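A.B. asks: Generate a structure from the sequence data that follows.
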Amino acid sequence: MVKPDSRPTQPFLIQYAKMNAKYVKLFFGAMCLVVLPMPILATTSVVINEIAWMGTTTSANDEWIELYNNTSSNIDITGWILKSTDKTPLIKLSGVIPANGYFLLERTDDNSVIGIVADQIYTGSLSNNGEYLQLQDASEAIVDEINGSGEWLMGDNSTKQTMERKSPLMAGSDGVNWQTSQSPGGTPKIQNSSGVIENLQIKTELSINLDNEVVAGSNTENGIIINEFLPAPDSSTQQEEWIELFNQNVFDANVSGWLIQDIEGKIIKYKIPTGAIIPAQEFLLLPKSQTKITLNNDSDGLILFSPNSTAVDKVEYLSAPKGKSFNRFSDDWAWSQDLTPGKTNTDSVVKNDTNEKSTVRNTDNNQASLATVGSLFFNNGGIFSTAIIALIIAIISSIIILILSRSAPQKDS
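C.D. replies: Model prediction:
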């Protein structure tokens, strides 16, 4: 018979904690690894997304600031404040930012950004030497901030290229999260550009499919893209070659003076005439009889230039099948017999022509998708992040309890 222990009985968990100290340490170490990184992943609901601190090519006084809603829900920012540390400007915000949408602030009047209606007008100029900006909610809690007090982190006063945020998931106070816009005037109320590319005017990425067809594509920051073209018409059914442009913007675009050219053989440059307007979300069809551009049936391509000679879009191919047009789908391209000049490209092209489809990856679109997914998990009061933490804690706790129970001492009989 074993003599009873005269010491006071300790609670069950304390006994096991003492006997299995190394497992307890492992448990708390794992908890630190799980919990501590979570605030880093949590995103800000509303961010300062783009700043035209230098004004525009029209006037240095045409300054504007863009906010972005990082969540999947509308956010009422009435009572919020956007200010610099010297309180010039000091903007008392009012209005609602749509889910994953933009809020445009224009200085003095609604003429800072031509063709886009401001969500709010403010007064007070931004210093060209830099500002420290803070975005505060109605409770005066800091939602986002940018420390550009010594000098602006990005942007170009001479060319009027704006200061753009690279990712809404990264902190605004992080200098590497800012870039100079690819084009003068920036990207008000649309997705930010790929940024300035040193020694290159065009940003392209290549992809090769099983048919060894190479396609190069880029995303124009002006909202005007090459959308479809017919390099090798079937003479029995089709009259001539044509090129189709598309205006992605929600406003009409003046494309007077824009240039488009082919890139192989006898290169022809076509200048779009004065007064040419592409309505919002509409097309401009350019037949060969008008452009005089003859595309090769083998290797060729097209480059689109803005009036300041900046290449804003490019596409290439190695072989053009007879009677098929080359169609853009976001940043994917595919050949199809279903020609849609002046109309939306049909989804059936990608499904029926997968053997000839080439994919062009776009980093910015991927970031935007990540931002949307991230906002679902880490915004809206932290509901999802709390659930994730609770689930991980439950799993780890179950494992620890299982280990402790198996290692617990057996009673003497």
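A.B. asks: Quick check: Ser45 vs Gly95, distance?
C.D. replies: Applying Cβ to Cβ, to the nearest Å, the value for Ser45 to Gly95 is 15 Å. The way it works is simple: take the backbone N, C-alpha and C, and place the C-beta from them, glycine included.
A.B. asks: Those two: which has the busier surroundings?
C.D. replies: Higher neighbour count among Ser45 and Gly95: Ser45, with 22 against 14, using other Cβ atoms under 10 Å.
A.B. asks: Let me see the contact set for that one.
C.D. replies: Applying Cβ atoms under 8 Å, 6 or more residues apart in numbering to Ser45 gives the contacts 69-71, 75, 143, 379.
A.B. asks: what's the nearest residue to Phe283 if we skip its chain neighbours?
C.D. replies: Gly342 (4.9 Å; Cβ to Cβ, 6 or more residues apart in numbering).
A.B. asks: quick check, the one you found in a strand?
C.D. replies: No. Secondary structure of Gly342 (DSSP: H, G, I helix; E, B strand; the rest coil): coil, not part of a strand.
A.B. asks: so who does it touch?
C.D. replies: 244, 283, 285.
A.B. asks: Next: Gln120.
C.D. replies: Applying Cβ under 8 Å, 6+ apart, we find Gln120 in contact with 91, 93-95, 103-106.
A.B. asks: Kindly report the same for Thr162.
C.D. replies: Applying Cβ under 8 Å, 6+ apart, the residues near Thr162 are 50-54, 155, 180-181, 185-187.
A.B. asks: Could you report the pLDDT at it?
C.D. replies: Thr162 carries a pLDDT score of 95 in this model.
A.B. asks: pLDDT value on Gln136, please?
C.D. replies: You'll see Gln136 listed with a pLDDT of 95.
A.B. asks: tell me the contacts of it?
C.D. replies: 80-83, 142-143.
A.B. asks: Mind listing the residues bridging to it?
C.D. replies: Taking DSSP bridges as the rule, Gln136 bridges to Ile81, Ile142.
A.B. asks: Could you check how far it is from Glu63?
C.D. replies: Taking Cβ to Cβ as the measure, Gln136 falls 20 Å from Glu63.
A.B. asks: One more: Gly175?
C.D. replies: Distance of Gly175 to Glu63, computed by Cβ to Cβ: 21 Å.
A.B. asks: Quickly list the domain ranges of this structure.
C.D. replies: Taking automatic domain parsing as the reference, the chain has its domains at 12-39+383-407, 46-184, 205-364.
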